[in-house]
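Q: Return a 3D structure for these sequence lines:
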Amino acid sequence: MAKGVPAVRFTYENYRELPSQRTRYYTGIRVVYGLTKKLTVGFSVSGSNHHRKKFPIDLTNYFINHHQKNFPQNPYQVEGLIASLKYRFLAIDGHQRHFRMAVMGAAAKSFIPHDAAEPRLGDNSGVEGSWIATLLIKRFAISLTNGYLFPFKYKDDNQGIVFKSGNSRYVNLSLGYRLIPAAYSGYSNVNVNIYMEFINVNYDKANMSINGQAYSFDDYQNYDKYIYNSLQANSYSELRPSIQLIFYSTTRLEMGVATPLYSQSYLHFYPMYFVSLHKNFFNMKKAANKKL
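A: The predicted model follows:
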């Protein structure tokens, strides 16, 4: 983000749970601000109907049946809060091209019990660190992100439950191409971009204990294999093709879908649809005065 520029981003994800066919959805609102020309700070809050407020007393029944249609639906609730910092340490800019690199750190506080091995900030309390490299050449952009996510333990002292999702490593590759306009004539030009993300994630298995005794997930192999697999270590790749529209150089709308490429994520079902809206609030009057 440019110095002194605030922005807000709204994200929505939607998929059908199997076998219940119930709709699961996620919403997130993120506010960012350009603290300096190199440092951006962010704060976000997320909510979903993915989880229960607490683990129920009958854990076996919960893990075996919570994707079944006759199991009580999860309420929509606030999942967690995330604070982030992004620092751009390299910028090589030229005419219609640039190469930039940045590092990013984030920390989250979750209010719900996550029940899968694959972690996600907001679902999990934890910390995350990554580096990002972006190359732009005329109408083509490529971005590479490499990061690590370390979830903290969820503790329910009343029931003596301690649940820990696995540590996660990811490498994501993004490719984008500007279809319209072929050449800019002004800031009011509408941009139409096509976009493809390759998401590649590796994470460790989940662990749980009750009153200090290790809890085994092995019995779940005889029931819903999705539940058992969601608690095990895994590596997967998925594709996320999307279309991106930019209006007046300040408002960005993205629409896309996630589909598995190698193995799959057990954090969500497929296809998963997502929409995001990002708005920058430039001080146009201040910018005009600077030009004068």
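Q: OK, contacts around residue 144?
A: 132-134, 171-174 (CB atoms under 8 Å, 6 or more residues apart in numbering). (Each C-beta comes from the backbone N, C-alpha and C, glycine too.)
Q: Drop anything exposed from those residues.
A: Among these, those scoring as buried are 132, 134, 172, 174 (criterion: 16 or more other CB atoms under 10 Å).
Q: Pull the most distant pair out of those.
A: 134 and 172 (12.1 Å; CB to CB).
Q: re the thing from before, for the buried ones among the contacts of residue 144, give me a markdown table that also has pLDDT, secondary structure and distance to residue 103.
A: Rendered in a markdown table, the data for these read as follows (pLDDT from 0 to 100; DSSP: H, G, I helix; E, B strand; the rest coil; distance: CB to CB, whole Å):
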| residue | pLDDT | secondary structure | distance to residue 103 |
| --- | --- | --- | --- |
| 132 | 97 | strand | 8 |
| 134 | 97 | strand | 13 |
| 172 | 97 | strand | 15 |
| 174 | 97 | strand | 17 |
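Q: Kindly indicate which of those residues lies nearest residue 8.
A: Once CB to CB is applied, the member of the buried ones among the contacts of residue 144 that ends up nearest residue 8 is residue 132, at 20.7 Å.
Q: and the gap between that closest one and residue 27?
A: Distance of residue 132 to residue 27, given as CB to CB, to the nearest Å: 24 Å.
Q: next one: residue 205
A: Note on residue 205: its distance to residue 27, by CB to CB, is 29 Å.
Q: Now do the same contact list for residue 229.
A: Each residue near residue 229 by CB under 8 Å, 6+ apart is listed here: residue 266.
Q: so it sits in a helix?
A: Yes. Assessed with DSSP: H, G, I helix; E, B strand; the rest coil, residue 229 lies in a helix.
Q: Quick check, pLDDT for it.
A: For residue 229, the model assigns a pLDDT of 96.
Q: Quick check: it vs residue 258, distance?
A: Distance from residue 229 to residue 258, by CB to CB: 18 Å.
Q: What of residue 278?
A: Between residue 278 and residue 258 the distance is 19 Å, computed by CB to CB.
Q: next one: residue 113
A: According to CB to CB, residue 113 stands 24 Å off from residue 258.
Q: go on, residue 188?
A: Distance from residue 188 to residue 258, by CB to CB: 32 Å.
Q: How about residue 125?
A: Noted for residue 125: a distance of 25 Å to residue 258, by CB to CB.
Q: Which one's more surrounded, the two?
A: Legend: neighbour count by other CB atoms under 10 Å for residue 125 and residue 258, higher for residue 258 (23 against 20).
Q: That one is in what secondary structure piece?
A: Per DSSP states H and E: residue 258 is located in strand 251-262.
Q: Give me the packing partners of whichever helix or strand comes after that strand, helices and strands only.
A: Using DSSP H and E, the next helix or strand after strand 251-262 towards the C-terminus is strand 272-280. The contact analysis (3 or more CB pairs under 8 Å, 6 or more residues apart in numbering; DSSP states H and E) places strand 272-280 against strand 6-16, strand 251-262.
Q: Serialize those strands to JSON lines and add fields for mean pLDDT.
A: Below are the helices and strands packed on strand 272-280 laid out as JSON lines (pLDDT from 0 to 100):
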{"stretch": "strand 6-16", "mean pLDDT": "97"}
{"stretch": "strand 251-262", "mean pLDDT": "96"}
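Q: Reformat those into JSON lines and put distance to residue 218 next to each item.
A: JSON lines is the format used below for the helices and strands packed on strand 272-280 (distance: least, CB to CB, whole Å):
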{"stretch": "strand 6-16", "distance to residue 218": "28"}
{"stretch": "strand 251-262", "distance to residue 218": "25"}
